[in-house]
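S.K.: no sequence for this one, just the structure:
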């Protein structure tokens with residue numbers, strides 16, 4: 001496959017050079033490919049290229065410079081055309097409480113206009129608005145005055161508090177977020193430019209910074225805006241491909257009276273300047289520079305710098321290392337299970353074929369009780385149904401993410417997709433829950449449907465509502481508006497619940513499965529188990545391997561959420577998810593086999609809890625991450641962290657538990673179908 005792809009790539013390169021020779025006669029895309037008709041493209045292809053047409057097309061798309069699946073259509077700006085810059089939010093990794101940009105006394109336009117946002121953006125706390133900044137394509141500015149503000153003691157205190165809490169400012173230009181550039185010179189021979197989202201609101205003074213005092217906070221009131229643009233013969237105008245902000249603190253001075261925009265600032269262009277301290281009420285002049293830089297970066301590749309991970313090598317090594325270990329363990333487990341089961345089948349069938357009567361031993365001994373309905377069958381079916389819902393949501397979301405539809409260019413797209421997919425996956429949830437409930441001899445079908453549609457969403461909504469109330473008390477933009485809460489309730493009761501009812505209708509109409517062995521009327525007594533086969537111990541041990549498969553990737557996911565970084569390695573995530581499915585299934589099957597060999601037939605709940613217990617390790621790791629990686633000190637921020645991590649733990653518990661349950665269900669069904677029972 002590799003050689004075939006390599007050959008196709010070579011052919012694609014040859015084809016590409018040949019087509020580029022015809023560019024003058026055709027209107028070209030940003031990628032350099034002409035808009036040729038199929039017949040023209042066919043004539044341009046040599047016969048050898050046409051034969052592996054499909055594979056070649058894939059390779060050609062792979063090597064196309066401008067191929068960009070998830071993005072918005074590029075916009076070209078003419079020289080001198082106004083470029084709108086929007087302000088977003090203030091965020092901090094110390095408090096995890098976002099605020100609107102104009103929650104602080106910045107310069108505001110005459111009319112503040114909110115940009116329409118999707119559901120995911122509202123839940124993330126984004127509040128995008130217009131700004132007072134004026135930028136024109138290609139027109140550079142030096143020390144341009146934005147406005148002058150007379151800050152009161154209370155307003156100075158607000159700025160100082162936010163600076164103390166390490167708040168960063170986020171802007172948006174042409175759908176690109178603002179970023180602070182720094183160069184990673186770990187390898188001097190190959191320095192790497194890395195973008196840090198947003199820019200600091202200010203800084204704390206220290207003896208190392210000239211003109212500052214320790215313990216005093218300083219406001220960044222002067223900004224250098226560097227906008228990178230790309231020009232090409234294939235389109236007219238310029239496309240914005242980079243947006244960098246370099247902040248600085250300057251106590252501006254001027255001669256005479258304030259003349260608004262006509263004022264001449266004497267502090268501009270000075271060899272040294274005094275930083276603007278936030279320790280007393282007074283005047284603040286906000287200024288900015290605008291610099292335009294031509295760039296070779298094409299529009300389709302402008303997000304590459306944002307998505308570049310500083311610890312890429314560690315990430316790759318950790319993922320590959322985890323993959324190899326887990327695959328090795330999975331292969332060993334599968335080999336042992338196949339050999340052991342094969343020996344059991346031969347022994348049991350040999351006993352049945354012989355005329356001598358021998359006492360049954362091992363897992364065959366519990367054939368009359370293995371399919372006996374467990375305790376609390378209603379709750380088990382509800383949890384499994386909700387687990388199917390989360391599993392379907394995860395798989396579809398990951399597929400769309402891997403294909404590139406959930407790009408960071410689409411702010412809030414990932415969260416919106418997950419929420420809507422969970423709502424629409426009510427059909428498989430209702431079907432799985434009702435069908436399992438029917439097979440477990442359940443009769444309260446109405447209660448089953450209501451619990452499936454309301455139990456998990458209800459728990460999550462209560463936790464979310466309490467946390468949202470706390471955030472609202474902090475006057476943070478992270479508080480979801482009342483209208484959005486109503487929209488969430490409409491999605492729940494207006495769409496998700498009816499879909500669960502629809503799935504349950506088909507589930508109850510389906511004929512119940514005919515068990516491979518008959519269930520005895522009198523339950524068999526379970527012998528006393530050794531200590532390592534006790535439910536608590538086996539369930540606790542069973543969750544180690546699934547968690548070990550994902551904990552490295554979990555670190556990067558937590559960093560992207562709580563340290564406000566981009567996460568876009570969905571290919572790795574899909575690979576880890578597949579490993580998680582395999583490990584959950586195999587560890588549950590192995591533990592179930594040992595349990596049945598010990599003549600304990602209560603496998604239903606233990607199958608769900610064995611792999612589901614990995615969620616406990618996940619929550620424990622989140623506690624470890626909180627104390628070692630985060631700098632959260634406020635009670636409200638800690639409450640938010642553990643509240644949302646508890647919700648994530650519940651989701652992971654349902655997901656992994658359901659995978660383990662169905663794997664064990666299939667395993668028990670198969671082994672008891674393969675033996676002869678009188």
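M.R.: Received, thanks. All figures in this text were calculated on a predicted structure; none of them were measured in a lab.
S.K.: Quick one: end-to-end length of stretch 211-219, please.
M.R.: With Cα to Cα, to the nearest Å applied, stretch 211-219 spans 13 Å between its terminal residues.
S.K.: Each with direction, which strands does the longest strand along the chain pair with?
M.R.: The residue-count maximum for a strand in the chain (DSSP state E) belongs to strand 282-294. Using DSSP bridges, strand 282-294 pairs in its sheet with strand 141-151 (antiparallel), strand 222-230 (parallel).
S.K.: Let's test this: mean pLDDT of the last one, rounded?
M.R.: Averaging pLDDT along strand 222-230 gives 93.
S.K.: got the contact list for that strand?
M.R.: 77, 83, 85, 133, 135, 137-138, 143, 173, 199, 238-250, 252, 286-299 (Cβ atoms under 8 Å, 6 or more residues apart in numbering). C-beta coordinates here come from the backbone N, C-alpha and C atoms, glycine included.
S.K.: how about residue 218, what does it touch?
M.R.: So residue 218 contacts 163, 202-205, 212, 249, 275-278 (Cβ under 8 Å, 6+ apart).
S.K.: Mark which of the residues you listed are buried, thanks.
M.R.: Buried members of the contacts of residue 218, scored by 16 or more other Cβ atoms under 10 Å, are 163, 202-205, 212, 249, 275-278.
S.K.: which one among those gets closest to residue 432?
M.R.: Comparing the buried ones among the contacts of residue 218 against residue 432 with Cβ to Cβ places residue 163 closest, at 51.9 Å.
S.K.: how about the closest one, what does it touch?
M.R.: 200-204, 217-219, 278.
S.K.: at 6 Å what do you get?
M.R.: Contacts for residue 163 (Cβ atoms under 6 Å, 6 or more residues apart in numbering) come out as 201-202, 217.
S.K.: Which of the buried ones among the contacts of residue 218 fall in strands?
M.R.: Short answer: the buried ones among the contacts of residue 218 in strands (DSSP E) are 202-204.
S.K.: okay if I get those as JSON lines plus distance to residue 594 and pLDDT?
M.R.: JSON lines is the format used below for those (distance: Cβ to Cβ, whole Å; pLDDT from 0 to 100):
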{"residue": "202", "distance to residue 594": "60", "pLDDT": "93"}
{"residue": "203", "distance to residue 594": "59", "pLDDT": "93"}
{"residue": "204", "distance to residue 594": "58", "pLDDT": "92"}
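S.K.: out of everything not next to it in sequence, what's closest to residue 200?
M.R.: With sequence-adjacent residues excluded and distances taken as Cβ to Cβ, 6 or more residues apart in numbering, residue 200 is closest to residue 168, at 5.7 Å.
S.K.: Mean neighbour count, the strands paired with strand 282-294: which tops it?
M.R.: strand 222-230 (a mean of 20; mean count of other Cβ atoms under 10 Å).
S.K.: where does the chain have its least confident helix or strand?
M.R.: helix 38-44 (a mean of 36; mean pLDDT, DSSP states H and E).
S.K.: is it true that residue 397 touches residue 416?
M.R.: No: Residue 397 lies out of contact with residue 416 (Cβ atoms under 6 Å); the separation is 10.5 Å.
S.K.: residue ranges with poor pLDDT in the chain?
M.R.: Scanning the chain for pLDDT under 70 picks out the ranges 1-72, 271, 309-315, 317-318, 321-322, 325, 336, 345, 347-362, 676-678.
S.K.: Quick check: residue 297 touching residue 239?
M.R.: No: with contact defined as Cβ under 6 Å, residue 297 and residue 239 do not form a contacting pair (9.5 Å).
S.K.: Please say which of those two ends up with more neighbours.
M.R.: residue 239 (22 against 16; other Cβ atoms under 10 Å).
S.K.: circling back to that earlier point, now render the strands paired with strand 282-294 as a markdown table, adding distance to residue 631.
M.R.: As requested, the strands paired with strand 282-294 are exported to a markdown table (distance: least, Cβ to Cβ, whole Å):
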| stretch | distance to residue 631 |
| --- | --- |
| strand 141-151 | 28 |
| strand 222-230 | 26 |
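S.K.: of those, which approaches residue 109 most closely?
M.R.: Closest among those, using Cβ to Cβ: strand 141-151, at 10.0 Å.
S.K.: what's the closest one in contact with?
M.R.: 105, 107, 132, 261, 265, 268, 281, 283-290.
S.K.: could you redo the last one with a cut-off of 7 Å?
M.R.: 105, 107, 132-133, 258, 261, 263, 265, 268, 281-290 (Cβ atoms under 7 Å, 6 or more residues apart in numbering).
S.K.: Give me the distance from it to the chain's centre.
M.R.: 39 Å (Cα atoms, centre = their mean, to the nearest Å).
S.K.: Report the buried members of the contacts of strand 222-230.
M.R.: Buried, going by 16+ other Cβ under 10 Å: 77, 83, 85, 133, 135, 137-138, 143, 173, 199, 238-245, 247-250, 252, 286-290, 292, 295, 297-299, out of the contacts of strand 222-230.
S.K.: and of the strands paired with strand 282-294, who's closest to residue 334?
M.R.: The nearest among the strands paired with strand 282-294, by Cβ to Cβ, is strand 222-230 at 51.8 Å.
S.K.: Look up how far residue 90 lies from the nearest residue to residue 478 once chain neighbours are set aside.
M.R.: Nearest non-adjacent residue to residue 478, counting by Cβ to Cβ, 6+ apart: residue 125, 3.7 Å away. Counting by Cβ to Cβ, to the nearest Å, the gap from residue 125 to residue 90 is 10 Å.
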